[in-house]
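Colleague: give the three-dimensional model of this entry:
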Amino acid sequence: MLEFFSANVLSVIFVFGTVVIIHEFGHFLVAKLLRIKVEVFGVGFGPRLFGFRKGETDYRVCAVPLGGYVKMAGENPGDDITGSIEEFLSRPKWQRFLVAVMGPIMNICLAVFLLAGLFHHKFEIPAWLEEPVVVGIIDNNSPAEKAGLLPGDQINEAGQKKDPTWEQFSIAVATSAGQPLELQVLRGGQKIPVTVVPEPQGRQRIGYLGISPFDPSELIVKSVLKGKPAALAGIQPGDKITKIGDVDLEKAGKDLRDALQHTSTEVIPITVLRQGKTLTLDVRPYFDKTANSWMIGIERSHSPKMKVRNLTIGQAFTESAKTNIKFTGLIFEILHKLLKREVSVRMLEGPVGIARQSGMAAKSGFSDLLYLMAAISLNLGIFNLLPIPILDGGVITLILIEALIRRNLSLKLRERITQVGFALLILLAAIVTYNDIVRALPTSVEKYLP
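Modeller: Residues are numbered from 1 along each chain as shown. Below you'll find the model as predicted:
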């Protein structure tokens, strides 16, 4: 437990600390270059723990590690503003704009550089993500089965997206929980309209449809657990399981584990293909309380085909730019659907969620941790560009408004806007903290939560 906690703390300090420092360094660098007085460069909020002073700036680490800030002279309406040329509000609008926008730009640049480095080192993705959506597996009692989708159906349209790949389709489903999703299905040469309603699933209430591509490797037995029903029945590594009872897994579009859950007999005939010969073996499944499902005691040889490319530096940056643009579009799509209440606020995560993900990413490997850092950095950059008062986007919005009306807003009005922005951030912090707490609770109590 202590080791897990330490890994989480160290990884979140590395991930969140790097992202925040890069963001604040963007503001700091431009302010220094424009000779605006920077009073504080702070990592964290609250009381000062330690730091040092160099010139006019106090470089400090604070007690609450939930962000950072650059404090410039004459930046806030409540400051003692003298009109000095060193003060932020005394500078031309274009200079204030550059200072405000450079933080988010640095975060976006960090995301691009991190992914470019990772892609140059190794570019590998599951091949099926870029393939057309051809239904292979359909979960029992899933929204897809209830809507009448069949194995072999090709989905040519999903919402407004024509000829989607599996990746695009998965995103459309995930962001359509509880909402009708219009599909166009190609079946036997005919185009059939189908309406599905993905079910909210999991603590993040992500849309679930219950279909996936067919992967032949899922049917291959990798190993057999000693003393378990599969071993006792004579199933061997390398066997290809083709039938569970009368259900032909490939033709019926059923997953092996899913098919086991819907058998009505204690002893099940399981058909396997071994070295070109078909064998039928009687197996008595057992119920695993930990997994909450019926099992036979095998490990499957799940090895999906991967797409591997060796990218030059230029190609890696191009691929990184495409990926970040795609993620940016997804962020705005989710924000749009949040405002329309078409997706759940449960999808939002706060510092505790970031810490948990950082710990898992660190355990998976340094590359996964850097990939997570890139995603968080992009999210932070985009979020800070939103026109919310006291965020960078709010500052930029006020500058643009002043440019349009050709006069500066009064300090009193600025103060009121800042107070509204602060209240909005407190509300958002309460929401993401609630979400983090809910995800930390046992699954058994989730049904009692709103």
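Colleague: how about residue 390, nearest residue that isn't a chain neighbour?
Modeller: Nearest residue to residue 390, sequence neighbours excluded (C-beta to C-beta, 6 or more residues apart in numbering): residue 421, at 3.8 Å. The C-beta positions use only the backbone N, C-alpha and C, and glycine is treated the same way.
Colleague: contacting residues for residue 228?
Modeller: 286, 295-298 (C-beta atoms under 8 Å, 6 or more residues apart in numbering).
Colleague: need the pLDDT of residue 377.
Modeller: Per-residue confidence (pLDDT) for residue 377: 93.
Colleague: show me where this structure has helices.
Modeller: Here the chain has its helices, by DSSP state H, at 2-33, 93-121, 143-146, 166-174, 229-233, 249-252, 256-260, 313-339, 351-364, 366-384, 392-405, 411-440.
Colleague: out of the ones you listed, which is closest to residue 48?
Modeller: Nearest to residue 48 among those is helix 2-33; the distance by C-beta to C-beta comes to 15.4 Å.
Colleague: tell me the mean pLDDT for that closest one?
Modeller: Taken as a whole, helix 2-33 has an average pLDDT of 80.
Colleague: can you give me phi and psi for residue 81?
Modeller: Main-chain torsions, residue 81, degrees, to the nearest 10: phi -90, psi 120.
Colleague: hmm, it is touching residue 89, no?
Modeller: Yes. Assessed by C-beta atoms under 8 Å, residue 81 is found in contact with residue 89 at 6.3 Å.
Colleague: between those two, which contacts overlap?
Modeller: Overlap of the contact sets of residue 81 and residue 89 (by C-beta under 8 Å, 6+ apart) consists of residue 74.
Colleague: now residue 385, nearest residue through space, not along the chain?
Modeller: Excluding the flanking residues, the one nearest residue 385 by C-beta to C-beta, 6+ apart is residue 393, at 4.4 Å.
Colleague: and the strands in the stretch 51-200 of the chain?
Modeller: For the stretch 51-200 of the chain, the strands defined by DSSP state E, counting those that start in this stretch occupy 57-72, 123-126, 133-134, 137-138, 154-158, 161-162, 181-187, 190-196, 199-201.
Colleague: first-to-last residue distance for stretch 274-290?
Modeller: Terminal residues of stretch 274-290 are spaced 31 Å apart (C-alpha to C-alpha, to the nearest Å).
Colleague: can you give me the buried ones in that stretch?
Modeller: For stretch 274-290, burial by neighbour count (16 or more other C-beta atoms under 10 Å) applies to 281, 283, 285.
Colleague: ok, now how distant is the residue nearest to residue 45 when sequence neighbours are not counted from residue 46?
Modeller: In space, and not counting its chain neighbours, residue 45 is closest to residue 64: 4.5 Å by C-beta to C-beta, 6+ apart. Distance of residue 64 to residue 46, given as C-beta to C-beta, to the nearest Å: 4 Å.
Colleague: repeat that for residue 152.
Modeller: With C-beta to C-beta as the criterion, residue 152 and residue 46 are 59 Å apart.
Colleague: between those two, who's got more neighbours?
Modeller: residue 152 (14 against 11; other C-beta atoms under 10 Å).
Colleague: show me what contacts the more buried one?
Modeller: Here residue 152 is in contact with 134-135, 187, 253 (criterion: C-beta under 8 Å, 6+ apart).
Colleague: skip the chain neighbours and tell me the closest residue to residue 100.
Modeller: In space, residue 100 is closest to residue 395, 4.3 Å off (C-beta to C-beta, 6+ apart).
Colleague: repeat for residue 312
Modeller: Spatial nearest neighbour of residue 312, chain neighbours left out: residue 120 (7.5 Å); criterion: C-beta to C-beta, 6+ apart.
Colleague: can you pull the contacts of the one you found?
Modeller: 311-313, 316.
Colleague: and the two most separated of those?
Modeller: Greatest spacing in those, by C-beta to C-beta: 311 and 313 (7.9 Å).
Colleague: of those two, who's got more company?
Modeller: Comparing residue 311 with residue 313 by neighbour count (other C-beta under 10 Å), the higher total belongs to residue 311, at 17 against 11.
Colleague: just checking, the more buried one touches residue 123?
Modeller: Yes. Look at residue 311 against residue 123 with C-beta under 8 Å: they come within range, at 5.2 Å.
Colleague: what residues are shared contacts of the two?
Modeller: Shared contacts of residue 311 and residue 123 (C-beta under 8 Å, 6+ apart): residue 319.
Colleague: quick check: residue 375 vs residue 385, distance?
Modeller: Taking C-beta to C-beta, one finds residue 375 at 16 Å from residue 385.
Colleague: sorry, that was for residue 53
Modeller: The spacing between residue 53 and residue 385, counted by C-beta to C-beta, is 32 Å.
Colleague: looking at those two, which has the bigger crowd around it?
Modeller: Counted by other C-beta under 10 Å, residue 53 and residue 385 do not tie: residue 385 has more neighbours, with 21 against 10.
Colleague: so the more buried one makes contact with residue 396?
Modeller: Yes. Look at residue 385 against residue 396 with C-beta under 8 Å: they come within range, at 7.3 Å.
Colleague: and the end-to-end length of stretch 150-158?
Modeller: Start to finish, the residues bounding stretch 150-158 are 16 Å apart (C-alpha to C-alpha).
Colleague: now do the buried residues in it.
Modeller: Buried, per 16+ other C-beta under 10 Å, within stretch 150-158: 151, 153, 155-158.
Colleague: tell me the one of those residues nearest residue 41?
Modeller: Looking across these and measuring by C-beta to C-beta, the closest to residue 41 is residue 158, at 46.9 Å.
Colleague: contact partners for the closest residue to residue 86 other than its chain neighbours?
Modeller: Excluding the flanking residues, the one nearest residue 86 by C-beta to C-beta, 6+ apart is residue 37, at 3.9 Å. If a contact means C-beta under 8 Å, 6+ apart, then residue 37 has 56, 72-73, 84, 86-87 as its contacts.
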